[in-house]
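Asker: Dropping a prediction and its sequence here:
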Amino acid sequence: MNCLQNWPEPIVRVQSLSDSGMSVIPERYVKKASERPQLVASLNDDVLNIPVIDVSRLDNPNTLSLISGACREWGFFQAVNHGVSPELMKATREVWREFFHLPMEVKQEYANSPSTYEGYGSRLGVQKGAILDWSDYFFLVYLPQAIRDQNKWPSLPSSCRELVAEYGESVVKLCGKLMKALSVNLGLKDDYLQNAFGGENVGACLRVNFYPKCPQPDLTLGLSSHSDPGGMTMLLPDENVPGLQVRRGDTWITVKPVPNAFIVNIGDQIQVLSNANYKSVEHRVITNSNQERVSLAFFYNPKSDLLIEPAKELVTEDQPALYPPMTFDEYRIYIRTKGPCGKKQVESLIKSNS
């Protein structure tokens, strides 16, 4: 339990708070009035949804055009017919649901610390007194394989490690295909983004999110507004309980998950590489008073020590480089210190060209 001492305050598992039957959430989870979700009519059938794209033919010009439009206008899309087995997707999501319902002493064996986040956690950021999110999670490293340690992955349920390995392999293949499509759409060589990420030496990690039932969903968030600091995220949502919200101007759109789809979004590193032709977009997660939610966010990232900067082909006199070179390791220190904070991180990097 020593790793818990590295957090600024004692760790409280949100699932334990939810299971206690409390009717009022602790003050530490109450967001500022301006950050609280508007839950009225958020799930109406006529609500706007992010684009849904059939990615079975990534060599098709129409498919490429749809992906390009989604990346430029939304930063998000739902990928269907992607080649990852629906049975594998469901089994992996459900084995993690089982994990979160194991006895607390079993889960605590994997308790994480701020130094890596790998393991069972309940907060991001190390600022003392921060307002917290209504969620627990499990974070693990998948790539590079040299630092993958399956002993840090849950041994229970017994099929968990095998399913995570198989699931990760399938999602990595899909990410490689989508990276080619993004490169082509930017007018770059089809292997440009992959090579910029380190070729075969990319990084990848999995964050499994557990959002327990919340007695006051109008006062808090499951995950605060943020853009993803990495390259590209493949989210496997809980199809039965919508919760992801994407920012569209001044409006928050509640995403309605399509069965067997991945929700794909652009991260800050691709925003930098594309010189902001593609933009990462703020998103957040609302809570639910009646049902828990489980989602799997697979992050496809650059090799941590490679310099990431705008592609020279996308830099002109009229469109100068917006961002200085920086490694992903340097970049993610910010969010590991401050926690989720909208788009402040990537916007703070924009160079003054005056």
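Answerer: That came in fine, so what should we check first? Here the structure is a predicted model, which means the values were calculated and not measured.

Asker: ok, residue 272 - contacts?
Answerer: By CB atoms under 8 Å, 6 or more residues apart in numbering, residue 272 lies in contact with 308-310, 322-323, 326, 346, 349. For the C-beta atoms, the positions are set from N, CA and C on the backbone; glycine is no exception.

Asker: which residue packs closest to residue 16, ignoring adjacent ones?
Answerer: Ranked by CB to CB, 6 or more residues apart in numbering and with sequence neighbours excluded, the top spatial neighbour of residue 16 is residue 104, at 7.0 Å.

Asker: how far away is that neighbour from residue 110?
Answerer: Noted for residue 104: a distance of 11 Å to residue 110, by CB to CB, to the nearest Å.

Asker: Of the two, give the one with the bigger neighbour count.
Answerer: Taking other CB atoms under 10 Å, residue 104 and residue 110 do not tie; residue 110 has more neighbours (20 against 11).

Asker: before we move on, back to that, from the contacts of residue 272, list just the buried residues.
Answerer: Using 16 or more other CB atoms under 10 Å as the burial test, those include 308-310, 322-323, 346 as buried.

Asker: about what we covered before: from the contacts of residue 272, which ones fall inside helices?
Answerer: Under the assignment DSSP state H, these contribute residue 346 to helices.

Asker: ok, of the contacts of residue 272, which one's closest to residue 21?
Answerer: Within the contacts of residue 272, the smallest distance to residue 21 is 40.7 Å, found for residue 346 (CB to CB).

Asker: so who does that closest one touch?
Answerer: Taking CB under 8 Å, 6+ apart, one finds 227, 229, 268, 271-272, 280, 323 in contact with residue 346.

Asker: So what's the gap between stretch 270-281 and the chain middle?
Answerer: 16 Å (CA atoms, centre = their mean, to the nearest Å).

Asker: Quick check: end-to-end length of it?
Answerer: With CA to CA, to the nearest Å applied, stretch 270-281 spans 12 Å between its terminal residues.

Asker: buried set for it?
Answerer: Buried, per 16+ other CB under 10 Å, within stretch 270-281: 270-281.

Asker: name the element residue 210 belongs to?
Answerer: strand 203-211 (DSSP states H and E).

Asker: correction: residue 221
Answerer: Assigned by DSSP H and E, residue 221 belongs to no helix or strand.

Asker: Settle this for me: it is touching residue 31, isn't it.
Answerer: Yes: counting by CB atoms under 8 Å, residue 31 is a contact partner of residue 221 at 6.0 Å.

Asker: and residue 106, what does it touch?
Answerer: By CB under 8 Å, 6+ apart, the neighbours of residue 106 are residue 156.

Asker: Please enumerate residues in contact with stretch 215-222?
Answerer: For stretch 215-222, using CB under 8 Å, 6+ apart, the contacting residues are 18, 22-25, 29-31, 35-37, 39, 133-135, 209, 211, 214, 243, 284-289, 293.

Asker: Model confidence for the closest residue in space to residue 230 that isn't next to it in sequence, exactly?
Answerer: The shortest distance from residue 230 to any residue other than its chain neighbours is 3.9 Å, reached at residue 301 (CB to CB, 6+ apart). We have a pLDDT of 98 for residue 301.

Asker: Phi and psi next, for residue 301.
Answerer: phi -130, psi 160 (degrees, to the nearest 10).

Asker: Now for it, how many residues are close by?
Answerer: Other residues near residue 301 come to 25 when the count uses other CB under 10 Å.

Asker: Test my guess that it contacts residue 201.
Answerer: No: in this structure residue 301 lies outside contact range of residue 201 using CB under 8 Å: 11.0 Å.

Asker: So what's the residue count around residue 82?
Answerer: So residue 82, with other CB under 10 Å, has 24 neighbours.

Asker: Spit out the contact partners of it.
Answerer: So residue 82 contacts 55-56, 174, 261-262 (CB under 8 Å, 6+ apart).
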